[in-house]
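>>> please find the sequence and the predicted model below.
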Amino acid sequence: AEFGRLVEGGRPEAAFAALKAMSDAGVARPRHFSKLVSLCRACGAFVVAVKTITIAEEAAAAVSAGDEGSPGDEEQQPTLKMYNEAIASCARHGEPGMREAFRLLDRIVVRGLRPDVFSYTG
């Protein structure tokens, strides 16, 4: 409930802290990560977007390692849409953001996803 209020209130940093706690407790779901990345794109909070993708990847890795009480591995994986929204957030911030955008493109490929036109045009 707190996470939802923070997202609705447009507070990406505070929402990230709440999501991190949810992820650490094993209760964060893909929709939570996706909502925060979408907020980051809208607010231009590219650093928070990248950190959100990172904890989504970590949550998926934990599921792959066999943590109990988590949804299946495929369900937990960050989606191409999440990566694309994070890339779009990064692309608005000049050189520092573009460096992160290129790193995210690499991570898309490592995850076995296929970048699309939105991945490259952020």
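Received, thanks. Numbering: from 1, shown residues only.
>>> and the gap between R5 and A15?
9 Å (CB to CB, to the nearest Å). Placement of C-beta: from N, CA and C, glycine included.
>>> tell me which of those two has more neighbours.
Taking other CB atoms under 10 Å, R5 and A15 do not tie; A15 has more neighbours (26 against 12).
>>> could you pull up the residues touching that one?
For A15, the set of contacting residues under the criterion of CB atoms under 8 Å, 6 or more residues apart in numbering consists of 3, 6-7, 36, 39.
>>> what about 10 Å?
Under the criterion of CB atoms under 10 Å, 6 or more residues apart in numbering, the neighbours of A15 are 2-9, 32, 35-36, 39-40, 45, 48, 52.
>>> can you classify L104 as helix, strand or coil?
Secondary structure, DSSP: H, G, I helix; E, B strand; the rest coil: L104 is helix.
>>> wait, doesn't it sit right on I53?
Yes: the pair formed by L104 and I53 meets the contact definition of CB atoms under 10 Å, at 6.7 Å.
>>> residue contacts, A45?
Contacts here follow CB under 10 Å, 6+ apart; on that basis A45 touches 10-13, 15-16, 36-37, 39, 51-52, 89, 93.
>>> of those, select the buried ones using a ChimeraX command.
In ChimeraX, a selection of the buried entries from these looks like this (16 or more other CB atoms under 10 Å):
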select :11,12,15,16,36,37,39,51,52,89,93
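>>> helices - which of the contacts of A45 land there?
For these, membership in helices holds for 12-13, 15-16, 36-37, 39, 51-52, 89, with DSSP state H as the criterion.
>>> quick one: the helices in the chain?
Along the chain, counting by DSSP H, helices occupy 2-8, 12-24, 30-43, 46-64, 73-76, 80-91, 94-110, 117-121.
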